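J.: just to be clear, the model below is a prediction. Sequence and coordinates:
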Amino acid sequence: MPPLLRRVLVLCASIFAVLTFNFFLFHIIPGDPIRLIARSQRLDPEAVARLRTTYGLDGSLPEQYGKYLSNLAHGDLGYSFSLHENVADIVGRALLNTLILLTVSTLIVVLVGIAIGVFAGSRQGTRSDSTTVVTSLVFWSLPTFWVGMLLVFIFGVWIGGLPISGITTPNAVYGNWFQYISDIGRHLILPTLTLAIVDIAFFVIITRTSLLEVMGEDYMLTARGKGLSRRTMVWKHATRNALLPVVTASVLYISALVAGAIQVEVVFSWPGMGLLMYNSVMARDYPTLEACFLLTSVAVLVANFCADLIYRRLDPRVTVGT
Amino acid sequence: MVSMQTSSGPSDAQHGLVSRRSVLRAALLSSAFIAAPALLAACAPPTTTVATNKIFRVGWKSDIDTLNPLTTVTTEAVEVQSLIYDTLMAYGLDLKPEPSLAASTVAAGATITYTLRDGVTWHDGTAFTSDDVVYTFDLIAKNALGVNAQYFSDYVSAAAPDAKTVVVTFKRPQAFDPGLVVPIMPKHIWSSQSVDQIQKAANDKPIGTGPFTFKERKQGQSVSVTRNEKWWGDKPAAAGASWTVYTNDDLMAQALKNGEIDIIPQVPPTVFTGLQGETTLTSESLDSFSFHHIGINLSQVPGSKGNPLLLDKGVRQALGYALDRKQIAEIAYAGFASPGGSILTPSLGDFYYEPTGDAVIDNNPEKANALLDAAGYTAKDGDGIRQTKDGKPLAFRIIAISTTSTDVRTAQLFQATAAKVGIKLDFATVDSDTMASTVYNVEAPDWDIFVWGWDSGVNDPCYLLGVPLTSQIGGNNDVFYSNPAYDALYDQQATELDHAKRVAIVMQMQQMFYEDCGYLVAVYIKKLQSYGNAGWANLTAVPGGIIFNFTRDNYLKATPAGS
């Protein structure tokens, strides 16, 4: 079997295991969801039976599982207890918002992180190196929500001018698309800045450490011996080789962000996956939570799969399947 | 995780979900008859406001759940829907019923006849007729749909003899006119859907007859509506209304100060004190129809795991004497509550019973000690906890919802004062769902004492008085109180047309329930609301709230500040 095919099969098996686990996890939790929906409402047995059917909770557990799989195959993620809407629609909207935040912030965090990491790593032992490392460590240790609150305080209360909540301005009337996009852009500033302040450090440290290792390799000595410029040495020879762990970290970072940067989304009321999961936990909305978990797990699996592929490109010594 | 969810206000328990203690779950508990003319009285004199381009902007903590009136459970959604849909009757600013879609209402025996207003159209231009009302009532009653289904337990049928008349027949006379709360829905839009489809409908473009038309909903963020220029009533000055979700109380307060929103209908006490000092804001501490209480498990079913010592009225009264309600109002509620007593709130006016003299069961450790001593509960083994003659300690479990900080504080204060009279309370916090499923477990309630609250959605004693009825066990009756004498008085007051006589019966019921100590009503809470002076004027502060109340009139009557 070709290694790539094997990888794909393993991926599919893992996804199947995850969704099975996911289903049973939410169906063995004690407590009758119908009771939660109905709360103290007094319901006649007929109404209870209808609610069971509506929420797909009728039938035995294996039957429900079969129905769950077939619904899933049809893209039906169930019906939300708390939002009274198809989960697929809810999650779709939240995912889109999270992807906007994720794309912008990941690009900034990873690219700037690598750049600073290379800058520090190539100047090992100098004052600018130690300053960068210490600053990074300090920022890295800051709690994300605290940084968010601090920015809210600074830009919302002291200075003003930047939106501190939501993805667009309530009641805004847009003359054209550009105004709409720039409104979203303005709302992106503080959440992105929060993520950047805390998470850039992660990439700075990884890139720096990895670069230092590479710089000590024999072939770097050879490169220097060939009379290559420092810039060529660092960027062309060292950085590319040092990127391997950074790729792993980036992929994991992205897959973690699919779950939504929960803290940032909650602080800034950013209506993405994080806020959705947070609210679903608060409302015990199992179908929505189930879908969120499923999506997150699949994202991690797929991201790892992609990381494997990228690895192969970056370093031919790594062969898929080993 | 951000800790913003630690509610600092009493609001959580009452307004997160309508499910328990809802604004709309006024119980229709027994047959009754309310004089029809009362419903027709007091149509407020027409006030004319000038339409403007200004939006009435509200900030709150929870998103609406859905725009489908048949599946919604949150107070937030009911608030938004109340501007999109009309009801047949509506509460005015004096909290009395007024005509709305029905120009007049006549209740005779078990039937209610509504004569509908002329010239009403749906937001899509279709004419509104009596068929729509019949359709809505039938749909809810026959399929038990939504929170309003409870008003239709005695429903027989609705008929439309002509386009302007609806005759609704019940099995018995009705104490509560469901026309006050049921949003009338357009038959031409909904009738093509099956009940299952209706239950799953997001209704993301709601069509009503109300003063505002739906504009837009951004899930998790905001909802907005636009003035309905063709509405049958006086045109509101507000060009629209919007409700924006803030995940954080401080952010929301900041938005109010910055003028990004006009009003916050639920301000936590800690934030409220800060806002009170702002000269650009008006902050109102209003009487509400809510109380928070200590509930005692009185269940006698074989499966009950409640401590049987609590079935002794003397023990419960001793707990009542151990409770310091004034201290709770001052400490747990920072003064934004008044000490409790009866099951009815003072906002219900002359129906409210206030115990005096020897009848007062509150903050009296000597009396608690005397009661327990006389009953033979004494502390023997030096740990200060009283025991029964056969050695069972007076030790009880007490639970409260972890995020309702006022209830948590109440439990802690109660724990301290109970210890002083030799009663041990073991306190644990739970989340709200666990609370509901634990407390309402009729077959096997495994709890002793809880702290929670109730909110009346109607300006009538029937709802709160109905909570401890035997017939409500399995429904609202959260302490499994059962007293045939009380039940009989309830039916009696519900059919008593003479106000003074009804008041007398209601007093007797409250006194009876107060003495039995199934509930120790700890506090009557205040509703704290703040609005910007630069935004809207002509807002009337009414018990229950300027907005987020069972009247929508402040939205309709607000005028731009400075105009």
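T.: That came through, no problem. Just so it is clear, the structure is predicted and the values come from calculations on it, not from any experiment.
J.: distance of the residue nearest to B:M509 when sequence neighbours are not counted from B:K420?
T.: Computed as CB to CB, 6 or more residues apart in numbering or on different chains, the closest residue to B:M509 that is not its neighbour in sequence is B:L489, at 4.8 Å. No exception for glycine: its C-beta is placed from N, CA and C like everyone else's. Applying CB to CB, to the nearest Å, the value for B:L489 to B:K420 is 35 Å.
J.: higher neighbour count, those two?
T.: Set side by side, B:L489 and B:K420 show more neighbours around B:L489, with 19 against 13, by other CB atoms under 10 Å in any protein chain shown.
J.: buried set for whichever strand or helix holds that one?
T.: In the assignment (DSSP states H and E), B:L489 maps to helix B:484-495. Across helix B:484-495, burial judged by 16 or more other CB atoms under 10 Å in any protein chain shown covers B:Y486, B:D487, B:L489, B:Y490, B:Q492, B:Q493, B:A494.
J.: isn't B:T129 up against B:P161?
T.: No: counting by CB atoms under 8 Å, B:T129 does not reach B:P161; the two are 12.0 Å apart.
J.: can you name every helix or strand that the helix or strand harbouring A:A94 contacts?
T.: According to DSSP H and E, A:A94 maps onto helix A:87-121. For helix A:87-121, the packing partners by 3 or more CB pairs under 8 Å, 6 or more residues apart in numbering or on different chains; DSSP states H and E come out as helix A:127-140, helix A:177-215, helix A:240-258, helix A:262-267, helix A:273-283, helix A:286-314.
J.: pLDDT on the fourth one, on average?
T.: Taken as a whole, helix A:262-267 carries a mean pLDDT of 87.
J.: if we can go back for a sec, what residues are up against the residue nearest to B:M509?
T.: Counting by CB atoms under 8 Å, 6 or more residues apart in numbering or on different chains, B:L489 touches B:I505, B:Q508, B:M509, B:M512.
J.: return the residues in contact with the third one.
T.: Residues in contact with B:M509, defined by CB under 8 Å, 6+ apart, are B:L465, B:Y486, B:L489, B:Y490, B:Q493.
J.: so how many other residues sit close to the first one?
T.: Other residues near B:L465 number 27, with proximity taken as other CB under 10 Å.
J.: is any residue of the helix or strand hosting A:L25 near chain B?
T.: Element membership of A:L25, judged by DSSP H and E, is helix A:3-27. No: figure legend: helix A:3-27 not in contact with chain B (CB under 8 Å from any CB of the partner chain); closest approach 14.3 Å.
J.: got the buried residues for that helix?
T.: A:R7, A:L11, A:S14, A:V18, A:L19, A:N22, A:F23, A:F26.
J.: by contact count, what packs against that helix?
T.: Helix A:3-27 sits against helix A:61-73, helix A:286-314, with contacts defined as 3+ CB pairs under 8 Å, 6+ apart.
J.: helices and strands around the first one, which ones?
T.: By that I understand helix A:61-73. Other helices and strands packing on helix A:61-73, by 3+ CB pairs under 8 Å, 6+ apart, are helix A:3-27.
J.: let's go with 10 Å and repeat that
T.: Applying 3 or more CB pairs under 10 Å, 6 or more residues apart in numbering or on different chains; DSSP states H and E, one finds that helix A:61-73 makes contact with helix A:3-27, helix A:286-314.
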